[in-house]
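> Predicted model follows, preceded by the sequence.
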Amino acid sequence: MDKRIPSFGELLKDLDGIAPIYSPDGGKLTLTSEQSEQLRRIAQASEETGDALELGMRVVGKLMAASATSELPMDADEIQALGWFIREVSDVVHCLKNVGLGAEYRLQADRKGVAA
């Protein structure tokens, strides 16, 4: 099994395809050690990537706010483009964090031996 932390693109996966909770007949499945490890890596990478993206959005927001008094002001088109960028990135962060929460939820449910 690949031990590296997954990239952002690799995180946008269907968790049920990676570690299904239910068998085709509806019974609870126990995670294999490989599935547990993959979910832990996904949860870690989701948190780290989400934190980095959030920090980036804060910095871009600060840049936008400072540009009003800066010697290098941004024009209206640039500000609008950055606004749309921030919106799109925040949507991606939201999805990313949901993937991480889903991975953590599956790991906790597996440890407790209950169906998720």
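Looks like it came in fine.
> Could you tell me how many residues sit around residue 37?
Using other Cβ atoms under 10 Å, residue 37 has 15 other residues around it. Every residue, glycine included, has its C-beta placed from N, CA and C.
> That one belongs to a strand?
No - with DSSP: H, G, I helix; E, B strand; the rest coil as the criterion, residue 37 is assigned helix and is not in a strand.
> measure it to residue 82 for me?
Distance, residue 37 to residue 82, by Cβ to Cβ, to the nearest Å: 38 Å.
> Which is the succeeding secondary structure element to the helix-or-strand element of the chain with minimal mean pLDDT?
Among the helices and strands of the chain, helix 8-11 carries the lowest confidence by mean pLDDT, DSSP states H and E, at a mean of 63. Counting by DSSP states H and E, the next helix or strand C-terminal to helix 8-11 is helix 15-18.
> Now do that next one: everything it contacts.
Contacts to helix 15-18, defined as Cβ atoms under 8 Å, 6 or more residues apart in numbering, come from residues 35, 38-39, 42, 99, 102-103, 106.
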